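Trainee: Sequence plus the predicted model coming up.
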Amino acid sequence: MTARDHRAILRALFDAAVEAANPGRAVAANLPERPKGRAVVIGAGKGAIPMAAAVEANWPGPLEGFVVAPHGYASPLRQIETVYASHPVPDAASLAAADKALALAKTLGKDDLLIALISGGGSSLMSAPAQGIAPAEKIALLKSLLKSGSNIAELNCVRKHISRVKGGLLAQAAGEARIHTLIISDVPGDDPAIVASGPTVADPTRKADALEILKRYKLEIPVSVARWLAEPDVARGPLRPDNETRVIVSPHESFRAARAKAKVLGLNVLYLGDRIEGEARDVAKVHGAIAQEIKQYDEPVAKPCLLLSGGETGVTVRGHGRGGRNVEFSLALAVTLAGEGNIHALAADTDGVDGMEEIAGAIVTPDTLARARNLGLDPVARLEDNDAHSFFEALGDQVVTGPTQTNVNDFRAILID
């Protein structure tokens with residue numbers, strides 16, 4: 001294979017995984033029965049617009065409602081309104097979207113139906129602080145938590161307990177209405193209570209859990225947040241028994257599609273699963289060691305081989321650079337491999353956004369470090385400064401997709417031949 005072939009293969013595998021996460025067909029196959037009363041859609045997340053479009057295309061009656069998506073996403077919706085907000089840090093539009101969702105849910109009666117369309121990113125896009133917590137204090141705390149290395153379950157546990165829309169509270173606002181929740185999962189294990197912080201799903205965690213997480217990461221807790229978390233848990237009554245919650249798209253299906261394509265291309269596949277968490281640079285060291293073992297010994301699988309994994313790693317931000325968990329993984333992998341021949345890799349986020357940048361991820365080649373040093377770049381220094389976006393930008397090795405309007409988390413592929 002030429003270097004061009006390796007890049008093309010890795011990108012084709014990533015594209016196959018993203019295409020398998022397209023929610024259109026899954027939404028159409030999982031719509032509920034039409035209610036006696038109103039059918040109202042409320043959606044939040046990076047997949048909200050295509051999910052809502054599928055509802056519009058397949059629903060046998062009138063619809064109303066809205067979805068909230070990241071700024072800049074295009075929308076073809078006609079009956080369902082589209083509003084825009086910020087990710088991964090909430091903005092004023094996020095607060096307005098949460099208020100709008102709660103107000104709309106409170107208009108529903110027992111003969112009405114709420115179709116909730118939930119996908120990754122919804123936590124930030126629909127965000128309302130709990131009583132007594134200033135929006136600025138909540139946002140500052142979440143920014144610190146995002147930089148702490150916490151995993152998605154920990155992050156969303158805190159989000160739920162300082163919110164008045166998450167952790168099933170949107171469902172509470174809908175009262176006696178029937179709720180049918182459709183979910184695109186971006187979390188390891190596909191727990192519906194974690195995806196977008198579960199606005200329509202009963203929450204098993206407590207305020208004490210959120211407080212313990214904040215203390216574990218030694219974060220400065222604003223006075224208003226500390227006071228709120230010290231109060232009794234918010235009362236959550238039982239949800240209507242005929243409510244349904246369905247995970248309709250998950251990382252597992254995306255990786256199944258990538259594995260099938262790899263086999264067609266004649267690659268042996270070692271799939272490590274879609275639940276891998278931990279520090280991105282530590283996960284990279286493990287993946288690099290496995291790749292080197294395969295290259296040298298043809299074990300545990302023979303070359304040509306594709307080492308494949310998903311999940312959501314974390315980054316403890318200590319530097320001041322431009323980074324994200326997938327590019328941090330990529331740079332740490334390049335350092336680990338130290339120019340090892342015949343090993344190429346791609347790591348990218350399936351939503352097209354890694355960290356705060358409209359860049360999905362990066363590609364690593366055997367000459368990544370050599371080309372970087374020829375440009376005067378110090379790979380280790382860039383890694384320590386959490387500056388992987390700048391590193392791969394200088395090399396021309398960024399993976400750019402634009403908004404994919406879906407999100408089934410991270411995709412990591414290492415090609416060994």
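Mentor: Received it, and whenever you're ready, just let me know what you need.
Trainee: Output the below-cut-off pLDDT ranges for the protein.
Mentor: Applying pLDDT under 70 to the chain flags the ranges 1-4.
Trainee: so what are the domain limits for it?
Mentor: 3-18+252-416, 31-249 (automatic domain parsing).
Trainee: could I get those domains as a markdown table with mean neighbour count and distance to residue 24?
Mentor: All C-beta spots, glycine's among them, are computed from the backbone N, C-alpha and C. Output for those, formatted as a markdown table (neighbours: other Cβ atoms under 10 Å; distance: least, Cβ to Cβ, whole Å):
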| stretch | mean neighbour count | distance to residue 24 |
| --- | --- | --- |
| domain 3-18+252-416 | 20 | 10 |
| domain 31-249 | 20 | 5 |
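Trainee: list the contacts for the closest residue to residue 90 other than its chain neighbours?
Mentor: Using Cβ to Cβ, 6 or more residues apart in numbering and skipping the chain neighbours, the partner closest in space to residue 90 is residue 127 (3.9 Å). Counting by Cβ atoms under 8 Å, 6 or more residues apart in numbering, residue 127 touches 85, 90, 94-95, 97-98, 138, 159, 163, 165.
Trainee: hmm, back to that, kindly reformat the domains of the chain as TSV containing distance to residue 25.
Mentor: Formatted as TSV, these follow (distance: least, Cβ to Cβ, whole Å):
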stretch	distance to residue 25
domain 3-18+252-416	11
domain 31-249	8
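Trainee: residue ranges of the strands in this protein, please?
Mentor: 39-44, 64-70, 81-85, 113-118, 178-184, 244-249, 268-271, 305-311, 343-349, 361-364, 398-399, 410-416 (DSSP state E).
Trainee: In JSON lines: those, plus distance to residue 10.
Mentor: Formatted as JSON lines, these follow (distance: least, Cβ to Cβ, whole Å):
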{"stretch": "strand 39-44", "distance to residue 10": "32"}
{"stretch": "strand 64-70", "distance to residue 10": "26"}
{"stretch": "strand 81-85", "distance to residue 10": "32"}
{"stretch": "strand 113-118", "distance to residue 10": "30"}
{"stretch": "strand 178-184", "distance to residue 10": "24"}
{"stretch": "strand 244-249", "distance to residue 10": "22"}
{"stretch": "strand 268-271", "distance to residue 10": "13"}
{"stretch": "strand 305-311", "distance to residue 10": "9"}
{"stretch": "strand 343-349", "distance to residue 10": "4"}
{"stretch": "strand 361-364", "distance to residue 10": "6"}
{"stretch": "strand 398-399", "distance to residue 10": "9"}
{"stretch": "strand 410-416", "distance to residue 10": "6"}
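Trainee: out of the ones you listed, nearest to residue 286?
Mentor: Residue 286 lies closest to strand 305-311 among the strands of the chain, at 9.6 Å (Cβ to Cβ).
Trainee: Would you mind pulling the contact partners of the closest one?
Mentor: So strand 305-311 is contacted by 13, 188, 251, 254-255, 258-259, 262, 267-277, 287, 290-291, 294, 408-417 (Cβ under 8 Å, 6+ apart).
Trainee: Residue 342 contacts residue 295, doesn't it?
Mentor: Yes. Between residue 342 and residue 295 there is a contact at 6.4 Å, judged by Cβ atoms under 8 Å.
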